[in-house]
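*Asks:* What shape does this take:
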Amino acid sequence: ELLERLRTDVLGNADAPKTRHNFAAMTGTAIAELVGQLNKELAVRADGQESPAITELRDIQQRMMDLRRRSTRWQTLLSDEMTDLVADLEYDLRDRTRKIVRELDAAFDESDPLKVWDEFESWLAESLTEAAETNYRWLVERSWWVADRVAEFFPERKDVVPDSIFPAVADLDPGDPNMPKMDKFKPGQWIFTGLRGSYGGVLMFGLITSLAGLPLINPISVGAGMALGGKSIGEEGE
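*Replies:* Numbering: from 1, shown residues only. Next up, the predicted model:
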């Protein structure tokens, strides 16, 4: 019944000039009453002190300005610090990995990975795991440091920072390095590599000796071809 009354008697007569005039008059009266009360509250006291309403209003305004200033500063700080953190972590991990690769290259210059793989695998797994764990611990420490710096902008809300957001290092699975696939150097590959290497020697020395009147295929060019072919076989086998 109430909704029906509002639809017919109130909403139905909303466009009538008298209704609009009454609404304007009532609104003006209400606003005048509110303004009058506020003016009394905000008026300066006779003793020169501000009223409680003025003091509260200025405190709220100051808090709003502080929050607005903090909102800009903490976002800028977080963005800058995370950019630096990612760059530092990537550089640290690359540097640690490069050291491992240098040691790896030095070891393989003197030994065959196929023969020393068992011993090498454990060393490689340990080295890579240690590098990753150290890098990960640095990530955790730096992230908490950044979180604490951001939380300083909101001293009354420090309790919202969670206790832990990172998995423990022990829960990380480093995986195992896979042994490289190495094929044996078969006789057919020897012959092909030898022919490929000797061809250049025979042709080059044959052309040089041909200037002295010797044929393209002669003992000198054949000997040079055999020497270069043997060298190619040795390099390919290595």
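
*Asks:* Report the separation between R73 and G188.
*Replies:* As judged by C-beta to C-beta, to the nearest Å, R73 and G188 stand 72 Å apart. Placement of C-beta: from N, CA and C, glycine included.

*Asks:* same question, Q61
*Replies:* When distance is defined by C-beta to C-beta, Q61 is 89 Å away from G188.

*Asks:* Same question for A107.
*Replies:* The value you get for A107 to G188, if C-beta to C-beta is used, is 31 Å.

*Asks:* When these two are compared, which one has more neighbours?
*Replies:* A count of neighbours by other C-beta atoms under 10 Å puts A107 above the other of A107 and G188, at 15 against 8.

*Asks:* pLDDT wise, what is the residue positioned nearest the centre of the chain at?
*Replies:* By C-alpha atoms, centre = their mean, the chain has its centre lying nearest to V86, at 5.2 Å. With respect to pLDDT, V86 scores 93.

*Asks:* Can you give the distance from the helix or strand harbouring it to the centre of its chain?
*Replies:* In the assignment (DSSP states H and E), V86 maps to helix 52-110. Distance of helix 52-110 from the chain centroid (C-alpha atoms, centre = their mean, to the nearest Å) equals 11 Å.

*Asks:* same thing with stretch 193-203?
*Replies:* The mean C-alpha position of stretch 193-203 is separated from the chain mean by 51 Å, C-alpha atoms, centre = their mean.

*Asks:* how near is S210 to R7?
*Replies:* S210 is 115 Å from R7, by C-beta to C-beta.

*Asks:* scratch that, V222
*Replies:* From V222 to R7 the distance is 114 Å (C-beta to C-beta).

*Asks:* How far does the helix or strand of the chain with the lowest mean pLDDT sit from its chain's centre?
*Replies:* Using mean pLDDT, DSSP states H and E, the weakest-scoring helix or strand in the chain turns out to be helix 187-210, at a mean of 74. Mean C-alpha position of helix 187-210 versus that of the full chain (C-alpha atoms, centre = their mean) differs by 53 Å.

*Asks:* Quick check: next helix or strand after it?
*Replies:* Next element after helix 187-210 (DSSP H and E): helix 219-237.

*Asks:* Any idea how many residues pack against T29?
*Replies:* The tally of other residues near T29 (other C-beta under 10 Å) stands at 10.

*Asks:* Does it lie in a helix or a strand, and which?
*Replies:* Going by DSSP H and E, T29 is in helix 17-42.

*Asks:* Report the angle between that helix and helix 52-110.
*Replies:* With axes from the mean of the first three to the mean of the last three C-alpha atoms, to 10 degrees as the basis, helix 17-42 and helix 52-110 are set at 80 degrees to each other.
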